[in-house]
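> pasting the structure only:
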């Protein structure tokens, strides 16, 4: 191993340390005092509830742990968006678990909370996963109500999804473990089964203060919507339980009796570890994001037996297309090659850039995987499509559109991993968030933006300098430098993978060594949803 390998390893492990530190920070929720307050009420925290509910010694794939990161600072922050979401196993069943975190503003709904809940429902609907809601929320966070209440993708969309999932035959079970107020009361009651915890659970459209203000009635929360009232008088909830643990035990009991459904039938062999040590990834991935490296070598550290069946190996070499297995699952991989390579015409091609021949090859490979019912995995380290007169005259737009069409119309599940750059139209062609990957995760080295920080800063600088000069203002070299530094600093912050994860542009940031787990659990989830749509790419210019 050379010195550059050791340098890469050091830098990537530092990035991993920063990730672990940030994850630990958000996992503390509202802090130790709020946790203690919940315990004094006899309640478990959201994460404790999930840990109690899940089958022992099984994996939990948390979704959007960094949602809301460094957002809403004037409001005191919203760690993990105030709700814990993930794919886990209950009574042997893979399912989606959604748990309000009452230590964060009493579980109130911020705009990012709504977005995260809708993402959880989207994953459940796409993969036909049963859903468990652990409800403990004070309702919409009123100071930001205009950003969460009335639009199509706001709070009300959840209840529409409740209804549609029920019609699709997707099991939904809710446990009211704390406050459940106003519009939020519809979520558990639109589930297939709703249970409530005595003493701590309550559900009503209007709480005691609003009832007093509205109709002058004085009533306490327990009488208004506690476990006894809603189970024995109104019949709103199905059964009551003495504590969190007893209610969660009943959820496990319900799930132990669920019947089987047809599967998609994706191919899985006995899982095998990579022949090459995955820890070498830290040394392979360059600390300098413009430096070339062999993506094929990196992939060999992720796939079973380190074995890849390459498709059109010598054609369109700035994209790697290959069939392989990940944790036993058959996958088709589309990955950006970062080496400088020679085209079939003998021309040198820059790594990380998609050329016409690469786009043509990827489109054909995507069609092939759809024909053979093989899930697709896109691995990003892409600067974009090739530009310039030669590329334009060679039809780069046409070939790029062909790749985008083939990918966008794919009916097999798609999974996206951002290992480095994900810039411009390259993000789109490689199945960015807008193209419905079943799961999309980034490594700590990921960046998602229209273009690189340097390119964007110089472009924005030129625009601002030209604007000032058009108004007759002179810009000195010192002012120009200060302006460039200011623009660069702002843009670099937006390039951070944590900026993307906070806004759910990705489902999370992961240790590269967890990539196999993410893809394997994702395909297992996707296997619950048989493919009913026929693959049709529509009109493609050949």
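Structure's in. What do you need? Since this is a predicted model, take the numbers as computed values, not measurements.
> show me where pLDDT drops low in this protein?
Applying pLDDT under 70 to the chain flags residues 1, 451-457, 461, 539-542.
> just checking, what packs against the host helix or strand of residue 98?
In this assignment (DSSP states H and E), residue 98 forms part of strand 93-100. Using 3 or more Cβ pairs under 8 Å, 6 or more residues apart in numbering; DSSP states H and E, the elements in contact with strand 93-100 are helix 46-53, strand 83-90, helix 111-127, strand 131-137, helix 515-526. The C-beta positions use only the backbone N, C-alpha and C, and glycine is treated the same way.
> Just give me the longest helix of this structure.
Using DSSP state H to define each element, the chain has its longest helix at helix 3-27.
> My guess is residue 380 contacts residue 417. True?
Yes - look at residue 380 against residue 417 with Cβ atoms under 8 Å: they come within range, at 6.9 Å.
> Just name the most buried of the helices and strands packed on strand 93-100.
strand 131-137 (a mean of 27; mean count of other Cβ atoms under 10 Å).
> In whichever helix or strand comes after it, which residues are buried?
Following strand 131-137 in sequence order, the next helix or strand is helix 157-168 (DSSP H and E). Within helix 157-168, the residues that count as buried by 16 or more other Cβ atoms under 10 Å are 157-158, 161-162, 165.
> could those residues be laid out in CSV, adding distance to residue 74?
As requested, the buried residues of helix 157-168 are arranged in CSV below (distance: Cβ to Cβ, whole Å):
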residue, distance to residue 74
157, 26
158, 26
161, 30
162, 32
165, 35
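> Return the closest of those with respect to residue 96.
Comparing the buried residues of helix 157-168 against residue 96 with Cβ to Cβ places residue 165 closest, at 10.2 Å.
> Thought residue 125 was touching the closest one, still the case?
Yes - Residue 165 is within contact range of residue 125, at 6.0 Å (criterion: Cβ under 8 Å).
> To what extent is residue 205 buried, counted in neighbours?
Using other Cβ atoms under 10 Å, residue 205 has 14 neighbouring residues.
> can you pull the contacts of residue 117?
Contact analysis of residue 117 by Cβ atoms under 8 Å, 6 or more residues apart in numbering lists 83, 85, 98, 158.
> what would the residues you listed look like in CSV with distance to residue 465?
Output for those, formatted as CSV (distance: Cβ to Cβ, whole Å):
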residue, distance to residue 465
83, 45
85, 45
98, 49
158, 47
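> So of these, which two are at opposite extremes in space?
The widest separation within the contacts of residue 117 (Cβ to Cβ) is 12.7 Å, between 85 and 158.
> close enough to count as contact, residue 230 and residue 236?
Yes - when contacts are counted by Cβ under 8 Å, residue 230 is listed as touching residue 236 (4.3 Å).
> intersection of neighbour lists for these two?
By Cβ under 8 Å, 6+ apart, the residues touching both residue 230 and residue 236 are residue 203.
> More neighbours: the two, which one.
Higher neighbour count among residue 230 and residue 236: residue 230, with 25 against 17, using other Cβ under 10 Å.
> Quick one: residues contacting the more buried one.
Contacts of residue 230 by Cβ under 8 Å, 6+ apart are 196, 203, 236-237.
> and residue 485, helix, strand or coil?
Under DSSP: H, G, I helix; E, B strand; the rest coil, residue 485 falls in the helix class.
> and the gap between the closest residue to residue 248 other than its chain neighbours and residue 230?
Excluding the flanking residues, the one nearest residue 248 by Cβ to Cβ, 6 or more residues apart in numbering is residue 53, at 4.7 Å. Using Cβ to Cβ, to the nearest Å, one obtains 22 Å as the distance from residue 53 to residue 230.
> Check residue 92 too.
Counting by Cβ to Cβ - residue 92 and residue 230 are separated by 31 Å.
> for residue 20, same thing?
Using Cβ to Cβ, residue 20 is found at 42 Å from residue 230.
> cool, residue 121 as well?
From residue 121 to residue 230 the distance is 24 Å (Cβ to Cβ).
> Let me know the secondary structure of the residue at the greatest distance from the centre of the chain.
Most distant from the centre of the chain: residue 472, at 47.6 Å, with distances by Cα atoms, centre = their mean. Reduced to three states with three-state DSSP, the structure at residue 472 is coil.
> List the contacts of it.
No contacts exist for residue 472 under Cβ under 8 Å, 6+ apart.
> likewise residue 5?
Applying Cβ under 8 Å, 6+ apart, the residues near residue 5 are 283-284.
> ok, so what distance separates it from residue 336?
Counting by Cβ to Cβ, the gap from residue 5 to residue 336 is 21 Å.
> same deal with residue 356?
With Cβ to Cβ as the criterion, residue 356 and residue 336 are 15 Å apart.
> Need the distance between the two termini of stretch 308-326.
One end of stretch 308-326 sits 11 Å from the other (Cα to Cα, to the nearest Å).
> for stretch 136-143, same thing?
19 Å.
> Ok, stretch 47-59 next?
14 Å.
> Next, the buried residues of stretch 295-303.
Counting neighbours by 16+ other Cβ under 10 Å, stretch 295-303 gives 295-296, 298-303 as buried.
> and which of those is nearest residue 448?
Nearest to residue 448 among the buried residues of stretch 295-303, counting by Cβ to Cβ, is residue 295 at 17.9 Å.
> these two touch, right, the closest one and residue 336?
Yes - here residue 295 reaches residue 336: they are 6.3 Å apart, a contact under Cβ under 8 Å.
> what sits in contact with each of the two?
320, 379, 381.
> Same list (those) but as JSON lines, adding secondary structure and neighbour count.
Output for these, formatted as JSON lines (DSSP: H, G, I helix; E, B strand; the rest coil; neighbours: other Cβ atoms under 10 Å):
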{"residue": "320", "secondary structure": "strand", "neighbour count": "26"}
{"residue": "379", "secondary structure": "strand", "neighbour count": "22"}
{"residue": "381", "secondary structure": "strand", "neighbour count": "29"}
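> Distance to residue 327 added to these, as JSON lines?
Compiled in JSON lines, those are given as follows (distance: Cβ to Cβ, whole Å):
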{"residue": "320", "distance to residue 327": "20"}
{"residue": "379", "distance to residue 327": "16"}
{"residue": "381", "distance to residue 327": "22"}
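> Looking at residue 356 and residue 336, which one has more neighbours?
residue 336 (26 against 22).
> pretty sure the more buried one contacts residue 316?
No - in this structure residue 336 lies outside contact range of residue 316 using Cβ under 8 Å: 11.5 Å.
> before we move on, what SS does residue 404 have?
Note that with three-state DSSP, the state of residue 404 is helix.
> Over to the closest residue to it other than its chain neighbours: give its phi and psi.
Ranked by Cβ to Cβ, 6+ apart and with sequence neighbours excluded, the top spatial neighbour of residue 404 is residue 429, at 5.3 Å. Phi and psi for residue 429, reported as degrees, to the nearest 10, are phi -60, psi -30.
> how close does residue 429 get to residue 61?
Counting by Cβ to Cβ - residue 429 and residue 61 are separated by 26 Å.
> Which parts of the stretch 151-300 of the chain are helices?
For the stretch 151-300 of the chain, helices defined by DSSP state H, counting those that start in this stretch occupy the ranges 157-168, 186-189, 208-215, 221-225, 227-228, 244-255, 281-284, 295-300.
> Likewise for the stretch 351-500 of the chain?
Using DSSP H, counting those that start in this stretch, helices in the stretch 351-500 of the chain cover 356-371, 389-393, 396-408, 424-429, 453-470, 477-495, 497-502.
> For residue 180, give me its contacts.
135-137, 187-188, 201-204, 225.
> Adding distance to residue 70, write these out as CSV.
Shown next, in CSV, are the contacts of residue 180 (distance: Cβ to Cβ, whole Å):
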residue, distance to residue 70
135, 27
136, 25
137, 23
187, 28
188, 31
201, 33
202, 33
203, 33
204, 35
225, 36
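> now the residues you listed: which count as buried?
Using 16+ other Cβ under 10 Å, the buried ones in those are 135-137, 187-188, 201-204, 225.
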